[in-house]
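Colleague: Build me a structure from this.
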Amino acid sequence: MTGRPEEPTAKNQVSVANQQRAYALDLDALAEAVDQTLVLMGVEGHEVSVALVSRARMAGLNRDYRGGKGATDVLSFSVDDPLAPTALGEVVICLDVIHGQAGKRWEDGRPSTANDGE
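Modeller: This is a model prediction of the structure:
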């Protein structure tokens, strides 16, 4: 025993693609957090992708896949492919929208659960 904590071992394959430039993020820490969340939900041995995108890219995805107008905070796409039974899908995140929502929801000093439609 070395006295050091054991390195966490990933139970799922999580890939993170940073396609935005507005916010710096520790992509390895994000992948580890996603893996740990899945494990807590009882999910192991699966694959998931996370994409961090710009406001413009998210607006395009929202329009193309949901018929929505403007950028949204998060979109998710599931995979239903018998040739890839362990693939869960992709989560697309727009940090710029989330940052804006966080400021609005805490303006009065308390969190709000209202969906403001962004």
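
Colleague: Looks to me like residue 33 is in a strand.
Modeller: No: using DSSP: H, G, I helix; E, B strand; the rest coil, the assignment for residue 33 is helix, not a strand.

Colleague: any idea how far it is from residue 56?
Modeller: Distance, residue 33 to residue 56, using Cβ to Cβ, to the nearest Å: 26 Å. Backbone N, C-alpha and C define where each C-beta goes, glycine included.

Colleague: just residue 93 next, same as before
Modeller: Distance from residue 93 to residue 56, by Cβ to Cβ: 14 Å.

Colleague: Return the list of helices and strands in contact with the lowest-mean-pLDDT helix or strand in the chain.
Modeller: Among the helical and strand segments of the chain, the one scoring lowest on mean pLDDT, DSSP states H and E is helix 95-105, with a mean of 85. Applying 3 or more Cβ pairs under 8 Å, 6 or more residues apart in numbering; DSSP states H and E, we find helix 95-105 packed against helix 55-66.

Colleague: and the angle for the next helix-or-strand element following the helix it packs on with helix 55-66?
Modeller: Per DSSP states H and E, the first helix or strand lying C-terminal to helix 55-66 is strand 74-78. Using axes from the mean of the first three to the mean of the last three Cα atoms, to 10 degrees, one finds that strand 74-78 and helix 55-66 are set 50 degrees apart in direction.

Colleague: Could you list the low-pLDDT ranges of this structure?
Modeller: The model of the chain has pLDDT under 70 over residues 1-8, 105-118.

Colleague: at 80 what do you get?
Modeller: 1-9, 103-118 (pLDDT under 80).

Colleague: which parts of stretch 48-62 are buried?
Modeller: For stretch 48-62, burial by neighbour count (16 or more other Cβ atoms under 10 Å) applies to 48-55, 57-59, 61-62.

Colleague: Can you add distance to residue 9 and give the residues you listed back as TSV?
Modeller: Formatted as TSV, the buried residues of stretch 48-62 follow (distance: Cβ to Cβ, whole Å):
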residue	distance to residue 9
48	17
49	20
50	19
51	24
52	24
53	29
54	33
55	36
57	33
58	33
59	38
61	33
62	36
